[in-house]
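Student: No sequence on hand, only this structure:
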Ligand code: NDP
Ligand code: 2IT
């Protein structure tokens with residue numbers, strides 16, 4: 001039986017690989033889902049015969065466009081912009097925009113595919129999409145970033161709308177960029193409508209959206225630990241990244257008594273052996289959002305050790321939160337974490353663990369591992385709440401949004417347990433999240449007939 005499943009998976013992946021040559025990140029993301037869904041649908045002809053999973057791997061459409069802008073020195077720059085509209089079976093397309101030099105079609109297809117399952121898990125009516133450009137905002141002035149965002153939106157605005165597709169931020173796209181993108185959209189369509197989420201509070205944003213992804217990842221960690229009668233209080237935590245997700249993850253961990261040992265960026269990481277304080281994390285927020293400085297500066301300011309060019313996974317810590325980018329924990333990082341006694345990994349970033357690393361964690365008995373689609377769904381969940389508030393033309397209080405966020409994360413955890421239960425209290429969170437995310441989208445697709 002196991003051999004039969006492996007053959008079916010290999011055959012399915014052969015087709016995906018042949019149809020999407022060279023798109024390795026996309027293959028990886030599909031494989032990570034198919035490994036659980038193919039056995040799940042083996043005895044469910046309604047999904048299998050109607051090729052639901054195969055249909056899910058084909059984006060509804062991909063829009064790709066030229067973005068030409070002028071830098072401060074008067075030079076003409078040419079970038080490529082994209083929007084991958086993956087699936088709108090359960091609601092308007094929804095997902096972030098990433099500005100990073102590594103952006104290409106494969107990366108955005110993997111992110112859009114993941115987003116479909118993640119958004120379904122939130123229980124809110126949102127389809128899946130992702131967009132972005134191979135634009136590097138690092139070292140660019142505010143006015144260069146503004147011109148880039150405005151030009152990017154010149155094309156994107158034709159393809160989005162509050163009932164069609166609602167973008168938000170991701171790597172390289174935060175509150176400043178969302179402001180420029182929203183302003184340009186409003187100017188082009190001459191309507192004030194809830195077309196982007198992650199907006200500032202003054203023009204239709206939601207309380208807690210900025211914090212939601214990092215907070216949500218910590219709430220998921222709390223859920224996983226409390227399922228085993230454990231808590232965050234007093235535990236040592238490793239975080240990679242020092243962007244939106246990483247910093248609010250650190251803030252919430254500290255509030256709950258966690259000891260945050262590391263923060264990082266693409267140049268290296270800092271190590272605070274006694275744990276960072278809230279004031280230090282606030283200082284990093286100012287550094288990153290104001291001066292847009294580097295993590296090395298934190299080590300100088302507070303006399304902390306800085307490891308240039310290294311990832312934080314060699315430090316001994318109990319709870320790990322990869323919050324930077326895809327494939328940032330490889331097999332050997334995972335082995336080191338396990339050897340050093342890691343208890344749980346909660347994925348703030350999208351697909352931060354390589355397939356080898358997933359296998360290492362899964363083989364290590366007792367290690368809890370929440371996949372991105374469950375662990376970082378808090379961000380898009382509050383985006384969904386921002387859409388609701390925009391439709392109502394109301395703004396809920398911080399306490400109200402935070403409560404809803406906690407409830408959504410708890411529901412996601414419960415669904416992971418329901419579909420991923422193993423022996424005793426053990427849970428396969430990957431399987432649970434994949435099956436729970438799949439079912440709702442699949443059933444909606446079935447209802448629409450063959451299309
Ligand atoms: P930010 O741009 O705010 O921060 C990204 C951080 O990750 C920076 O510290 C950056 O360092 C680091 N980083 C980026 N690329 C690399 C790399 N190749 N190697 C090492 N470090 C890297 O992005 P976010 O915090 O918003 O996003 C982080 C992750 O979380 C991404 O995977 C994103 O898809 C995911 N996510 C984000 C959500 C959101 O609401 N923002 C929601 C759900 C998931 P440097 O400055 O040196 O580039
Ligand atoms: O990966 C993600 O879930 C995000 N970048 C957030 C998407 C959103 O629409 O809020």
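Tutor: Ah, there it is. No experiment lies behind these values; they were computed from the predicted model shown. Ligands and ions are numbered 1, 2, ... in the order given.
Student: What is the burial count for residue 258?
Tutor: The tally of other residues near residue 258 (other CB atoms under 10 Å) stands at 27. For every residue, glycine as well, the C-beta is placed using N, CA and C.
Student: swap in residue 400?
Tutor: Applying other CB under 10 Å, I find that residue 400 has 14 neighbouring residues.
Student: Can you check my assumption that it lies in a helix?
Tutor: Yes: counting by DSSP: H, G, I helix; E, B strand; the rest coil, residue 400 falls inside a helix.
Student: Return the distance of the one residue sitting closest to the centre of the chain relative to residue 327.
Tutor: When CA atoms, centre = their mean is applied to the chain, the residue found nearest the centroid is residue 350 (4.2 Å). From residue 350 across to residue 327, the span is 10 Å (CB to CB, to the nearest Å).
Student: in a helix, that's where residue 247 is, yeah?
Tutor: Yes: membership of residue 247 in a helix is supported by three-state DSSP.
Student: give the contact list for it.
Tutor: Counting by CB atoms under 8 Å, 6 or more residues apart in numbering, residue 247 makes contact with 214, 263, 281, 284, 285, 288.
Student: before we move on, what about residue 346?
Tutor: By CB under 8 Å, 6+ apart, the neighbours of residue 346 are 217, 218, 220, 221, 224, 319, 320, 321, 370, 375.
Student: is ligand 1 contacted by the top strand by length along the chain?
Tutor: In the chain, with assignment by DSSP state E, the single longest strand is strand 76-87. No: figure legend: strand 76-87 not in contact with ligand 1 (CB under 6 Å from any ligand atom); closest approach 13.6 Å.
Student: Which neighbouring elements make contact with that strand?
Tutor: strand 61-70, strand 93-99, helix 105-121, strand 128-133, helix 142-156, strand 165-168 (3 or more CB pairs under 8 Å, 6 or more residues apart in numbering; DSSP states H and E).
Student: and the longest one, which residues are buried?
Tutor: Going by neighbour count (16 or more other CB atoms under 10 Å), the buried part of helix 105-121 is 105-121.
Student: go on, stretch 137-153?
Tutor: 137, 140, 144, 145, 146, 147, 148, 149, 150, 151, 152, 153.
Student: In CSV: those, plus pLDDT and distance to residue 301.
Tutor: As requested, those are exported to CSV (pLDDT from 0 to 100; distance: CB to CB, whole Å):
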residue, pLDDT, distance to residue 301
137, 96, 23
140, 97, 24
144, 98, 28
145, 98, 26
146, 98, 29
147, 98, 33
148, 98, 31
149, 98, 31
150, 98, 35
151, 98, 36
152, 98, 34
153, 98, 37
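Student: Check those residues and tell me the two furthest apart.
Tutor: 140 and 153 (16.6 Å; CB to CB).
Student: List the residues that contact the spatially closest residue to residue 355 that is not a sequence neighbour.
Tutor: For residue 355, ignoring the flanking residues on the chain, the nearest one in space by CB to CB, 6 or more residues apart in numbering is residue 28 at 6.4 Å. Shown in contact with residue 28 (CB under 8 Å, 6+ apart): 110, 327, 351, 354, 355.
Student: before we move on, the earlier item: let me know the helix or strand that the residue nearest to the centre of the chain is in.
Tutor: Per DSSP states H and E, residue 350 falls between elements, in no helix or strand.
Student: Am I right that it is in contact with residue 375?
Tutor: No: at 9.9 Å, residue 350 does not count as touching residue 375 under the criterion of CB atoms under 8 Å.
Student: and the residue nearest to residue 400 when sequence neighbours are not counted, what does it touch?
Tutor: The shortest distance from residue 400 to any non-neighbouring residue, by CB to CB, 6+ apart, is to residue 207 (7.8 Å). Contacts for residue 207 were tallied using CB under 8 Å, 6+ apart; they are 201, 395, 396, 397, 398, 400, 401, 402.
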